[in-house]
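Undergrad: dropping a prediction and its sequence here:
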Amino acid sequence: MAETGLLRPDARVELLDGRILDMSPIGPFHGGVTTFLNALFTTAARGRWLTAVQNPVRLDDHSEPQPDLALLRPARDFYRRRHPAPEDVYLLVEVSDTSWAADGEDKLPAYGRAGIPEVWIVNLNDETIEVYREPHFAGYASRTVVPAAGQASPARFPDVTVDVASLLQR
């Protein structure tokens, strides 16, 4: 759509359920938290997953959101020929400040319907990580809120720990 002039080439938008969502610009804290997670997960990967930052995940023909971070099944071509699909995803992370409505109310149910096994919403306003597991048709059956004093680990990789206080340090 940017190529045809319908959208500005620099527009921050995502396709979800056939709708175009206008996304807020990424501020320094949001960007820094994403960079922290990228460094932590890339270092811990040891070939077990690929870490993707703000790249599309194709949920279906009408949804191609761009989560802040994704842990993906390793692919020989590094997803050069196609975007990752739900079966390629171990964990999606959304870093949320002004975007909580889009992340929690729009994206989360879409991720659950698509069968994404685990989603984290790093809630910068509440200084928590919301961990969602057990996807189903309307979202997720399991929600755990990890406070700033806690730690979170992906279900698939319990040896990897994110210290919430370190992650959210300003």
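TA: In hand now; what should we look at?
Undergrad: buried residues in the helix or strand where residue 39 lies, which are they?
TA: Element membership for residue 39 (DSSP states H and E) is helix 28-45. By 16 or more other CB atoms under 10 Å, the buried positions in helix 28-45 come out as 30, 32-34, 36-38, 40-41, 44. Backbone N, C-alpha and C define where each C-beta goes, glycine included.
Undergrad: which two among those residues are spaced furthest apart?
TA: Greatest spatial distance in those: 30 and 44, 21.7 Å, computed using CB to CB.
Undergrad: for residue 98, which non-adjacent residue is spatially closest?
TA: residue 24 (4.7 Å; CB to CB, 6 or more residues apart in numbering).
Undergrad: what about that neighbour, how many residues close to it?
TA: By other CB atoms under 10 Å, the residues close to residue 24 number 11.
Undergrad: equivalent analysis for residue 62, please.
TA: Residue 62 is flanked by 11 other residues according to other CB under 10 Å.
Undergrad: quick check: phi and psi at it.
TA: phi -120, psi 0 (degrees, to the nearest 10).
Undergrad: show the pLDDT at it.
TA: At residue 62, the model reports a pLDDT of 88.
Undergrad: residue 17 now?
TA: Looking at residue 17, the pLDDT reads 68.
Undergrad: next: residue 83.
TA: With respect to pLDDT, residue 83 scores 97.
Undergrad: name the element it belongs to?
TA: Here residue 83 is assigned to no helix or strand, by DSSP H and E.
Undergrad: roughly how far does it sit from residue 59?
TA: 10 Å (CB to CB, to the nearest Å).
Undergrad: more crowded one of these two?
TA: residue 59 (24 against 14).
Undergrad: mind listing what the closest residue to residue 36 other than its chain neighbours touches?
TA: Closest residue in space to residue 36, ignoring its immediate chain neighbours: residue 167 at 5.7 Å, by CB to CB, 6+ apart. Residues near residue 167 by CB atoms under 8 Å, 6 or more residues apart in numbering: 33, 36-37, 122, 129.
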